[in-house]
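1. when you get a sec, could you give me coordinates for this:
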Amino acid sequence: METDIQISRSTPLKSIYAIAEQINIDEDNIIPYGKYKAKVALSEIDEERVKRANLILVTAITPNKAGVGKTVTSVGLSLGLSKLGKNAVVALREPSLGPCFGMKGGAAGGGFSQVLPMEDINLHFTGDFHAITSANNMIAALLDNYQYQNRNTGNALAEIVWKRVLDINDRSLRQIISGLGSNGIPQETGFDITTASEIMALLCLASSLEDLENRVNSILLGYRRDKTPFYVKDLGVGSAITVLLKDALLPNLVQTTENTAAFIHGGPFANIAHGCNSVLATKMAMSHADYVVTEAGFGADLGAEKFLDIKCRIAGLKPKATVIAVTTLSLKLHGGQNEKELKQPNLQALKGGMPNLKRHVENMQNFGQNIVVALNQHNTDTEEEINYVKEWCKQNNVAFAVSNCFAYGGDGALELAAEVIKVIDEYDSTPINFTYDLHDDISIKIAKVASKIYRAASVKFSAKAQKKLTSIRNNGWNNLPVCIAKTQYSFADDPQMGPVPDNFVFEVQDLVVNTGAGFVVAIAGDIMRMPGLPKEPAALQIGLKNGFIEGLS
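-> Predicted coordinates for the structure are as follows:
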């Protein structure tokens, strides 16, 4: 089979105007970025159509080195729905350069279920990440200037909580001292990755340009000497920062390997941020399609929980069906099979991995979701292994489908698409049963996520986190939802605890208040908001040959 990039290059693309016409977007509302990419004006969002559309969430079991294929499933499902005569669109996040050149690689799907042009999407795309990075760092520069200009007055801040960001993995920037030199004001600070920036989060949760500016103005930057909060609005630069973001706010329109429409917009990670594409892109897709497939990052304990507890709560959205992606390989790896022997049949190891799937299914059912388990088929899967997962789903009253959309595109997702349609048609869509109430104390919200979703026995707050809890209560931020930053490799805060830990202590090290985005980030375990590079980064495989990019996937 050809590589992802070979398939991408060999696929004839339609002009972006033709793609827009397919889903009835007025060409006057298209802002082209070359032949095959475009921004779309927000006037194309129709709230009445949003209410009627069928939103489908794709999530997954706990990820591991075997892979699950969540983006492939999302794209493939949209293609399968289209093959069955449904008006379907996929809405995804934008890839980050960090993992693209680091360990994970790109995020445009794979095989014959990709979003295109793949190279553009995986790299600089339409410049959204650049705009978000620039806006974030412009705030930092203006804040440092404020400190410098007020260094001899009583107006300088006693504490700054705002950090700079870059869209690369660079562990050396996690903790730094800035402001050195004769004219500087030294301070301990650091960089986060752009995908963890509050600017990224608030842009993805904004409902309009006006809402975007309000959210920017609400960003907490630090504290005065009397311990009162200092916001962007106090710096007086909210409008200037919004100017940098006005184009980035517009959703991006591209196409799939089968020339159907796809929206790609926003890119917060699910382990260190809220892990969902933008509200505006989701609503725009729902304004122009009857079935909209979207995904949330990593396993259902991270992206799906935040999709439901944060994004859907804020935006008033509700999925009609939730697909949980799984592979026999990932189940066997969770069940203890040696990584080098995953392609060998091992029913016992597969059975050993099923408790991880079971927990994710139970969690999504507790949210009130109607579930379809999608088994992404590999050519090494045995009939016995596939039938075991199928029978388990049958015994647990969960819909099941085999998907081979990586190899066959929409044709390989017909069974999955039909099962999703059946679930939507036959089962009522009930209101989301949120994990916590907004009036709960922040500590209670964290404890509810930890106990209900992760199955922790208790939560332990560090001294630093306890101090932040007091500040949150005193400053009126207690009604915000929580966004937990933790490892993606376990339900626990420690990846070494394995795929289905029980009765553990969930340790919260710090709390970061994102008043602009509208949530509190709880940092658990050793999770870093600026990732590092692996020993052999993907960058070693990327290059140019005769002017064409090689090694990108």
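
2. now do the buried residues in stretch 349-365.
-> Residues of stretch 349-365 classed as buried: 349-354, 356-357, 359-361, 363-365 (neighbour count, 16 or more other Cβ atoms under 10 Å). (C-beta placed from N, C-alpha, C; glycine too.)

3. which pair in these spans the largest distance?
-> Distance extremes for these: the farthest pair is 349 and 365 at 25.5 Å, using Cβ to Cβ.

4. the helices in the stretch 251-400 of the chain, which residues?
-> Counting by DSSP state H, counting those that start in this stretch, the stretch 251-400 of the chain has helices at residues 279-288, 305-306, 313-315, 328-334, 347-366, 383-395.

5. mind listing residues that contact the longest one?
-> This means helix 347-366. 59-62, 299-301, 304-305, 322, 324, 326, 328, 330-337, 371, 373, 384-385, 388-389, 392, 396, 398, 433, 452-453, 455, 491, 499-500 (Cβ atoms under 8 Å, 6 or more residues apart in numbering).

6. now it, how far from the chain's geometric center?
-> 22 Å (Cα atoms, centre = their mean, to the nearest Å).

7. and if you look at the last one?
-> Between the mean C-alpha location of helix 383-395 and the chain-wide mean there is a distance of 30 Å, by Cα atoms, centre = their mean.

8. output the contacting helices and strands for it.
-> On a contact count with 3 or more Cβ pairs under 8 Å, 6 or more residues apart in numbering; DSSP states H and E, helix 383-395 meets helix 328-334, helix 347-366, strand 371-376, strand 399-403.

9. which one of those lies nearest to residue 544?
-> Closest among the helices and strands packed on helix 383-395, using Cβ to Cβ: strand 371-376, at 31.6 Å.

10. still on that earlier bit, what about the helices and strands packed on helix 383-395, which gets the closest to residue 447?
-> helix 347-366 (15.9 Å).

11. what is the mean pLDDT for the closest one?
-> Mean per-residue pLDDT for helix 347-366: 98.

12. by how many degrees do that helix and helix 383-395 diverge?
-> 30 degrees (axes from the mean of the first three to the mean of the last three Cα atoms, to 10 degrees).

13. what angle sits between helix 347-366 and strand 371-376?
-> Going by the same axes, to 10 degrees, helix 347-366 makes 150 degrees with strand 371-376.

14. next, count neighbours for residue 497.
-> Residues contacting residue 497 under the criterion other Cβ atoms under 10 Å number 16.

15. the closest residue in space to it that isn't next to it in sequence: what secondary structure?
-> Nearest residue to residue 497, sequence neighbours excluded (Cβ to Cβ, 6 or more residues apart in numbering): residue 490, at 5.0 Å. Following DSSP: H, G, I helix; E, B strand; the rest coil, the label given to residue 490 is coil.

16. what's the strand ranked longest in the chain packed up against?
-> Across the chain, the longest stretch assigned as strand under DSSP state E is strand 505-514. Counting contacts by 3+ Cβ pairs under 8 Å, 6+ apart, strand 505-514 is packed against helix 198-205, strand 458-461, helix 463-474, strand 519-524.

17. where's the residue in the chain sticking out farthest from the centre, which helix or strand?
-> In the chain, residue 152 marks the outermost C-alpha relative to the chain mean, sitting 43.3 Å out by Cα atoms, centre = their mean. For residue 152, there is no host helix or strand (DSSP states H and E).

18. how close does it get to residue 181?
-> Noted for residue 152: a distance of 18 Å to residue 181, by Cβ to Cβ, to the nearest Å.

19. quick revisit: ok, which of the helices and strands packed on strand 505-514 comes nearest residue 408?
-> Closest among those, using Cβ to Cβ: helix 198-205, at 32.1 Å.

20. where does the stretch 1-150 of the chain have low pLDDT?
-> Along the stretch 1-150 of the chain, the parts satisfying pLDDT under 70 run over 104.

21. please, where are all the helices along it?
-> Using DSSP H, counting those that start in this stretch, helices in the stretch 1-150 of the chain cover 4-10, 16-22, 47-52, 70-83, 97-100, 118-122, 128-149.

22. tell me the most buried of those?
-> helix 70-83 (a mean of 29; mean count of other Cβ atoms under 10 Å).

23. how big is the angle separating that one from helix 279-288?
-> Computed with the same axes, to 10 degrees, the direction of helix 70-83 lies at 20 degrees from that of helix 279-288.

24. now do helix 70-83: distance to the chain's middle.
-> The mean C-alpha position of helix 70-83 is separated from the chain mean by 18 Å, Cα atoms, centre = their mean.

25. state the distance from the most centrally placed residue in the chain to residue 488.
-> Most central in the chain under Cα atoms, centre = their mean is residue 275, positioned 2.3 Å from the mean C-alpha point. Using Cβ to Cβ, we find residue 275 at a distance of 10 Å from residue 488.

26. what does residue 392 give?
-> On the measure of Cβ to Cβ, residue 392 and residue 488 end up 24 Å apart.

27. and if you look at residue 529?
-> 14 Å.

28. did I read that right, residue 423 in a helix?
-> Yes: applying three-state DSSP, one finds residue 423 inside a helix.

29. and the gap between it and residue 364?
-> 12 Å.

30. residue 429 too?
-> 13 Å.

31. quick check: neighbours shared by those two?
-> By Cβ under 8 Å, 6+ apart, no residue touches both residue 429 and residue 364.

32. leaving out the residues flanking it, which one is nearest to residue 3?
-> residue 553 (7.0 Å).

33. what domains does the record give for the protein?
-> 4-127+248-426, 129-244, 442-524 (automatic domain parsing).

34. with distance to residue 538 added, can I get the ones you listed in JSON lines?
-> Output for the domains of the chain, formatted as JSON lines (distance: least, Cβ to Cβ, whole Å):
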{"stretch": "domain 4-127+248-426", "distance to residue 538": "5"}
{"stretch": "domain 129-244", "distance to residue 538": "10"}
{"stretch": "domain 442-524", "distance to residue 538": "18"}
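
35. need the winner for burial among these.
-> Counting by mean count of other Cβ under 10 Å, the most buried of the domains of the chain turns out to be domain 4-127+248-426, with a mean of 22.

36. in the sheet, who's paired with residue 505?
-> residue 458 (DSSP bridges).

37. show me what contacts it?
-> 456, 457, 458, 459, 460.

38. pLDDT score assigned to residue 530?
-> For residue 530, pLDDT reads 93.

39. state the three-state secondary structure for it.
-> coil.

40. separation between the closest residue to it other than its chain neighbours and residue 532?
-> Spatial nearest neighbour of residue 530, chain neighbours left out: residue 174 (4.8 Å); criterion: Cβ to Cβ, 6+ apart. Applying Cβ to Cβ, the value for residue 174 to residue 532 is 8 Å.

41. contacts only, for residue 158.
-> Residue 158 neighbours (Cβ under 8 Å, 6+ apart): 222, 223, 224, 225, 227.

42. thought the second one was touching residue 159?
-> By that I understand residue 223. Yes: if you go by Cβ atoms under 8 Å, residue 223 and residue 159 touch, sitting 4.6 Å apart.

43. quick check: pLDDT value at the nearest residue to residue 491 once chain neighbours are set aside.
-> Distances taken as Cβ to Cβ, 6+ apart place residue 454 nearest to residue 491, at 4.4 Å, with adjacent residues excluded. Note for residue 454: predicted pLDDT of 98.

44. my read: residue 454 touches residue 507, true?
-> No: the pair residue 454 / residue 507 is not scored as a contact, 11.6 Å apart, by Cβ under 8 Å.
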